[in-house]
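Chemist: kindly generate the corresponding structure for this input.
(chains A, B, C and D)
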Protein chains: 4
Amino acid sequence: MKILVTGFDPFGGETLNPAWEAVKKIPDTINGAEIKKVMIPTVFYKSAEVTEKAIEEFQPDYVLNIGQAGGRFELTPERVAINVDDARIPDNETNQPIDVPIKKDGAAAYFTQLPVKAMVTEMKNAGVPAAVSNSAGTFVCNHIMYQVQYMIDKQYPNIKAGFMHVPFIPAQVLDKPGKPAMNLEDISKGITKAIEAIVEFDGKPDLKMIGGTTH
Amino acid sequence: MKILVTGFDPFGGETLNPAWEAVKKIPDTINGAEIKKVMIPTVFYKSAEVTEKAIEEFQPDYVLNIGQAGGRFELTPERVAINVDDARIPDNETNQPIDVPIKKDGAAAYFTQLPVKAMVTEMKNAGVPAAVSNSAGTFVCNHIMYQVQYMIDKQYPNIKAGFMHVPFIPAQVLDKPGKPAMNLEDISKGITKAIEAIVEFDGKPDLKMIGGTTH
Amino acid sequence: MKILVTGFDPFGGETLNPAWEAVKKIPDTINGAEIKKVMIPTVFYKSAEVTEKAIEEFQPDYVLNIGQAGGRFELTPERVAINVDDARIPDNETNQPIDVPIKKDGAAAYFTQLPVKAMVTEMKNAGVPAAVSNSAGTFVCNHIMYQVQYMIDKQYPNIKAGFMHVPFIPAQVLDKPGKPAMNLEDISKGITKAIEAIVEFDGKPDLKMIGGTTH
Amino acid sequence: MKILVTGFDPFGGETLNPAWEAVKKIPDTINGAEIKKVMIPTVFYKSAEVTEKAIEEFQPDYVLNIGQAGGRFELTPERVAINVDDARIPDNETNQPIDVPIKKDGAAAYFTQLPVKAMVTEMKNAGVPAAVSNSAGTFVCNHIMYQVQYMIDKQYPNIKAGFMHVPFIPAQVLDKPGKPAMNLEDISKGITKAIEAIVEFDGKPDLKMIGGTTH
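Modeler: Numbering: from 1, shown residues only, chains lettered A, B, ... in the order given. Next comes the predicted model:
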């Protein structure tokens, strides 16, 4: 099995992105699966181009995109990507789309093919706080998750894909009182555990367990 | 113009639901639009039946469902409903679906037809904290929002609809330290202002303004 | 009985201070007690001068100073004032003392003479979120609470005094996501209820009830 | 130089206390200072007896007590201890004092002799979130801080002492959504850095820098 794992470059004034820093640290092989790691730009559309090029070259079975969600307390596999760009801040090439569909011929949303409940369970079993998220926002993180699903829908029906958000690391919150952080080693361990769940649940249904949100 | 506004009954151990309490207090006519108020049960599917019955009787131009989002700080018009029920707690008739599609022949998601940015602007102009939300959760709130959109998709193409979450009121958080609350009068004022925006923007595009989230 | 109630003027870039706005709205007589309302400046030492002048003129039995605590969820009577000024931001006359004692011959701290548990109980019974606080910070709020206690210690042994913090009002948090707010009417009602408790418990011990914090 | 460092045992239903777990991991010698580590019970008065016994045996120059503050985001050296026990929950021997002075002949409060600003600076320079706190609560943490200061006041005038709170670790928050956590290695590194600051600032005034709170 081959798994493409991407992490974004820094954005929003940060000097590093814990997503890419953590992805760099995961093993090259996880439970027998070959891992390919690629840094992608925090730029609408260009992030998708770089990801698609990596898909073509590496021919993965799974794609897992990782991004930073400053302010979240846990690692959060995303359930769904929606067909809209609505940028609160400019991306790294100063694009700031407001309420624009990502793909005119795309679905309103795509659900991930990843076993998000099993991923959360595996991470928590390893002592890493984790929870299913029902919104990847409307910035480049949701964008890339949507774009990869669109590629699957139109071109690569055998690929399974999904997105996971990770918190700030401590060095990023030194002057952000009230913002939670997670140690980089813990983030990296969590990603590794999530990938172990992906490998283990390949071809099987996700765990049937409570993990929704009332709002 | 006719606008159907619903509010849920109490759930999750609460003795009241600020959604319905606030809906009861809004005027019967707002900027010339006739308002019909209906309480609906916090029950999967049954909430949709009650709403559909009200739609058939009242023949509204707009449907606005209101629900409680304990823990949120603002009034939050929802951008999108997704095709899944995943209940963290049982509904008021002990149903607790886990990761089940709401409608097998429904879209993965439906975007609201309401001018959510204008609604937020109007509420904030009136001094009421408000923000666009990108997830209505996976409980009965998302369920009813999805169901009404599904009805529009299949049966009532001329209706426009959407959902708005409201915070706890102070009486609900007396023993919930760290949970925000909003005065019932303020919630009711906010709903009224949101409806004013709906009336004002009828037939016009929503405001083009920043209001997305990075995650 | 005569009760002097003060509220600070706006500081820290705000255009109003909910403390003074709420104090203005309380009745002139509460449970038979005559209320005198005075706005005091958010300035180290000068706030004490203005308060002392009002004490000399009004000859109150009780002094209750009210101040804004942006970010708090409840009305919080303060238990104790400490002998230090340590300003995170400048006061309204650009003073910014760092780790300086307020009074060289003062105690390290003074406990309030007010029945803080009864005040919290009365406020919660009226539906207003409230909790005892164990720190008034190290800015002008703690300063005035300490100064009044120092006056009691040195000059006015028959006066009883204390301080209560109040949250932001909604208009102040429109562009502060994640900050709680409380309606001005609710703040004013809470202050009134707290004063009712002061009158009722005059000459009696405070309620013996759980209300501490583990940290 | 000799420094006594204590950590509490688990309380409040937790199976471990990150304070003691972290203290165990710090070096036995820090910048030339000899470190003695002692676990103390989360019990009013008994915690002070165990600490005093260790003081008598070890004859330290400094005492640093460490305790858990579940819900805090940073390592927080405490500025002051107040003369009151007010327990929100029972201690580990079911004592639950309500609004009782710790020592009838003690001061209302004692300020720490530790260089809290320098400790915060050293920790942040090492990438560990830290902030000065102005309240150690009213449970056993404040109790032990007060008790050691009282011992200094009455018996051991040459000792300098203080208290530092530490956050939950990730394993403790797996089922506590919205609660921050800090990796145990980071907590331990932070304590070590704080002690380095204590050693470095021995005999010198604390750093004169902004670090207060408005409330």
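
Chemist: near chain C, which residues of chain A?
Modeler: Applying Cβ under 8 Å from any Cβ of the partner chain, one finds that chain A approaches chain C through A:G178. For the C-beta atoms, the positions are set from N, CA and C on the backbone; glycine is no exception.

Chemist: now chain A against chain D: closest residue?
Modeler: A:N183 (3.6 Å; Cβ to the nearest Cβ).

Chemist: just checking, that residue touches D:S188?
Modeler: No: with contact taken as Cβ atoms under 8 Å, A:N183 and D:S188 are classed as non-touching, separated by 11.8 Å.

Chemist: pull the CA coordinates from the helix of greatest length in chain A and hand them back as CSV.
Modeler: Longest helix in chain A, counting residues (DSSP state H): helix A:184-200. The C-alpha atoms that make up helix A:184-200 are tabulated as CSV, following Å, rounded to 0.1, in the frame of the first residue of the first chain:
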residue,chain,number,x,y,z
LEU,A,184,5.3,18.4,17.9
GLU,A,185,6.2,14.8,18.9
ASP,A,186,2.7,14.2,20.0
ILE,A,187,1.3,15.5,16.7
SER,A,188,3.7,13.3,14.8
LYS,A,189,2.7,10.3,16.9
GLY,A,190,-0.9,11.1,16.3
ILE,A,191,-0.5,11.3,12.6
THR,A,192,1.3,8.0,12.6
LYS,A,193,-1.4,6.3,14.7
ALA,A,194,-4.1,7.7,12.3
ILE,A,195,-2.2,6.2,9.4
GLU,A,196,-2.0,2.9,11.2
ALA,A,197,-5.8,3.0,11.5
ILE,A,198,-6.1,3.7,7.8
VAL,A,199,-3.9,0.7,7.0
GLU,A,200,-5.8,-1.5,9.4
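
Chemist: and that helix, what other elements does it pack with?
Modeler: Using 3 or more Cβ pairs under 8 Å, 6 or more residues apart in numbering or on different chains; DSSP states H and E as the contact definition, the elements that helix A:184-200 packs against are strand A:2-8, helix A:18-25, strand A:29-30, strand A:33-40, strand A:62-68, helix A:116-125, strand A:160-166.

Chemist: burial count for A:P177?
Modeler: By other Cβ atoms under 10 Å in any protein chain shown, 12 other residues sit near A:P177.

Chemist: show me the contacts for it.
Modeler: Under the criterion of Cβ atoms under 8 Å, 6 or more residues apart in numbering or on different chains, the neighbours of A:P177 are D:73-74, D:131.

Chemist: let me know the closest of the residues you listed to D:E34.
Modeler: Among the contacts of A:P177, D:E74 lies closest to D:E34 (Cβ to Cβ), at 27.6 Å.

Chemist: circling back: most tightly packed of the helices and strands packed on helix A:184-200?
Modeler: When the helices and strands packed on helix A:184-200 are scored by mean count of other Cβ atoms under 10 Å in any protein chain shown, the highest mean neighbour count falls to strand A:62-68 (a mean of 28).

Chemist: re earlier: could I get the helices and strands packed on helix A:184-200 in a markdown table, plus columns for mean pLDDT and distance to C:T213?
Modeler: Rendered in a markdown table, the data for the helices and strands packed on helix A:184-200 read as follows (pLDDT from 0 to 100; distance: least, Cβ to Cβ, whole Å):
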| stretch | mean pLDDT | distance to C:T213 |
| --- | --- | --- |
| strand A:2-8 | 98 | 40 |
| helix A:18-25 | 98 | 32 |
| strand A:29-30 | 98 | 44 |
| strand A:33-40 | 98 | 45 |
| strand A:62-68 | 98 | 33 |
| helix A:116-125 | 98 | 28 |
| strand A:160-166 | 98 | 32 |
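
Chemist: list phi and psi for the residue of chain A closest to chain D.
Modeler: A:N183 has phi and psi values of phi -60, psi 140 when expressed as degrees, to the nearest 10.

Chemist: quick check: chain neighbours aside, which residue is closest to it?
Modeler: If you skip the residues right next to it in sequence, A:N183 has D:N183 as its closest partner in space, 3.6 Å away by Cβ to Cβ, 6 or more residues apart in numbering or on different chains.
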